[in-house]
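Peer 1: Make a model of this:
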Amino acid sequence: MVNIVYIATSLDGYIADKDNQMGWLHEVPNPGGSDFGFSAFMKRVDALLMGRRTFEKVVGFECEWPYSKPVFVLSNSMSDVPEGYEDKVTLVRGDLKKVVAELNDQGYKELYIDGGLTVQNFLKEDLIDEMIITTIPVILGGGIPLFGELSQPLKFRHVESERVADLLVKNRKALQDSP
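Peer 2: Numbering: from 1, shown residues only. Here you go, the predicted model:
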């Protein structure tokens, strides 16, 4: 059972700018049309667990639904899935440890955890086993940070780094006591 963060940040650690926008991610030159390893990562995971705000952001993208894996939306405020997404997402709520245990019991052993607040809350509960963070060479100077306050430090070990498109650096870190 592994909970994995796969995300991009600015040099100063933000996942969205001051206006909660992510257009700066699309400014990265990509002449070959690479997905920078995202498809390979998605083959590894069994399901996605994302926060409500991230779900709303994805729904606002001008594209078809981007996920072929089951998507669970963590929300204590949503009571229904928006029309047109009933067959794409399942709402979950409650204590994070219980939510993860229930998903694991359903056979979802490798979960992709997505969304700033969701990642922060998982880290607070020491529920993140691995992080794959791609750093984009831009300083936003503010916005939505990837990391928040913790009651105690969490120690990760470096697993690998990859230089991507001569511009980005993808770092993989695992919790120190993880395989």
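
Peer 1: Helices along this structure, start to end?
Peer 2: Taking DSSP state H, the helices of the chain run over residues 38-44, 52-60, 96-105, 116-124.

Peer 1: what mean pLDDT does the first one have?
Peer 2: For helix 38-44, the mean per-residue pLDDT is 95.

Peer 1: The residue nearest the centre of the chain and Glu83, how far apart?
Peer 2: Geometric centre of the chain, nearest residue: Asp114, 2.6 Å, by C-alpha atoms, centre = their mean. Applying C-beta to C-beta, to the nearest Å, the value for Asp114 to Glu83 is 22 Å. For every residue, glycine as well, the C-beta is placed using N, CA and C.

Peer 1: Tell me what the residue nearest to the centre of the chain is bridged to.
Peer 2: Met50 (DSSP bridges).

Peer 1: among the helices and strands of this structure, which has the poorest mean pLDDT?
Peer 2: Here the helix or strand of the chain ranked lowest by mean pLDDT, DSSP states H and E is helix 52-60, holding a mean of 92.

Peer 1: what angle sits between it and helix 116-124?
Peer 2: 140 degrees (axes from the mean of the first three to the mean of the last three C-alpha atoms, to 10 degrees).

Peer 1: Contacts only, for the nearest residue to Val99 once chain neighbours are set aside.
Peer 2: Closest residue to Val99 apart from its sequence neighbours, by C-beta to C-beta, 6 or more residues apart in numbering: Val92 at 5.1 Å. By C-beta atoms under 8 Å, 6 or more residues apart in numbering, the contact list for Val92 reads 49, 72-75, 99, 102-103.

Peer 1: And Ile4, by the same measure?
Peer 2: 44-45, 110-113, 128-132.

Peer 1: can we see that at 7 Å?
Peer 2: Counting by C-beta atoms under 7 Å, 6 or more residues apart in numbering, Ile4 makes contact with 45, 110-113, 129-130, 132.

Peer 1: again with Glu62
Peer 2: Counting by C-beta under 7 Å, 6+ apart, Glu62 has no contacts.

Peer 1: now swap in Leu123 and tell me
Peer 2: 150, 154.

Peer 1: can you tell me how far it sits from Phe147?
Peer 2: 7 Å.

Peer 1: now the strands: where do they sit in the protein?
Peer 2: For the chain, the strands defined by DSSP state E cover 2-10, 14-16, 47-51, 71-74, 89-92, 110-114, 130-136, 144-145, 156-164, 168-175.

Peer 1: Switch those over to TSV; also include distance to Val28 and mean pLDDT.
Peer 2: Output for the strands of the chain, formatted as TSV (distance: least, C-beta to C-beta, whole Å; pLDDT from 0 to 100):
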stretch	distance to Val28	mean pLDDT
strand 2-10	9	97
strand 14-16	14	96
strand 47-51	22	97
strand 71-74	25	98
strand 89-92	28	97
strand 110-114	19	98
strand 130-136	6	97
strand 144-145	18	95
strand 156-164	9	95
strand 168-175	7	96
